[in-house]
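Colleague: This is the structure alone, sequence omitted:
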């Protein structure tokens, strides 16, 4: 019987972290990156508000696309932390590049111009209106008799 761990999601997480150096069930998020694209969704009577954390991401590296009823947010980063000493030799050199994306189904009736987006201080706020599908009224179509 597996006992739940008080530190992780389950008992075997720590074993697999050490054995594979990364949990096999996580595809693109590793340690230290779990706060990226964390999203809160708030619902009101007329809209949904999505608040997404994108720490360290610049506004020009964030894209939002609406296609076939899915709102997809993509973010990418490319950092280079070079440190040289007084003689020009590298003391430390670190590079990181990555891209992330999340998709949300917002419905086929939502149009691109209806969605409002604001990016400030590493937080993206999207406002998506609720589109109520109008019930389809069945029309009687009669055949003309001559």
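Modeller: Here it is on my side, so go on. Remember, predicted model here, so these are calculated numbers, not experimental data.
Colleague: C-alpha from now on. contacts and neighbour counts both.
Modeller: Will do.
Colleague: And the next helix or strand past the lowest-mean-pLDDT helix or strand in the chain?
Modeller: Scoring the helices and strands of the chain by mean pLDDT, DSSP states H and E places helix 13-20 at the bottom, with a mean of 49. Downstream of helix 13-20, the next assigned helix or strand under DSSP states H and E is strand 39-43.
Colleague: List the buried residues for that following strand?
Modeller: residue 39 (16 or more other C-alpha atoms under 10 Å).
Colleague: strand partners of that strand, parallel vs antiparallel please.
Modeller: Note on strand 39-43: by DSSP bridges, its sheet partners are strand 47-53 (antiparallel).
Colleague: Let me see the mean pLDDT of the partner strand.
Modeller: Averaged across strand 47-53, the pLDDT comes to 93.
Colleague: which outside residues touch it?
Modeller: Contacts with strand 47-53, where a contact means C-alpha atoms under 8 Å, 6 or more residues apart in numbering, come from 35-43, 122-130.
Colleague: Write the PyMOL selection for whichever of those residues are buried.
Modeller: To isolate the buried members of those in PyMOL, using 16+ other C-alpha under 10 Å:
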select buried, resi 36+37+39+123+124+125+126+127+128+129+130
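Colleague: which SS class is the spatially most central residue of the chain?
Modeller: Residue closest to the average C-alpha location in the chain (C-alpha atoms, centre = their mean): residue 102, at 3.2 Å. Assigned with DSSP: H, G, I helix; E, B strand; the rest coil, residue 102 falls in the strand class.
Colleague: tell me the pLDDT at it?
Modeller: On the pLDDT scale, residue 102 gets 91.
Colleague: residues contacting residue 126?
Modeller: The contact partners of residue 126, by C-alpha under 8 Å, 6+ apart, come to 49, 50, 51, 115, 116, 117, 118.
Colleague: Cool, thanks, talk later.
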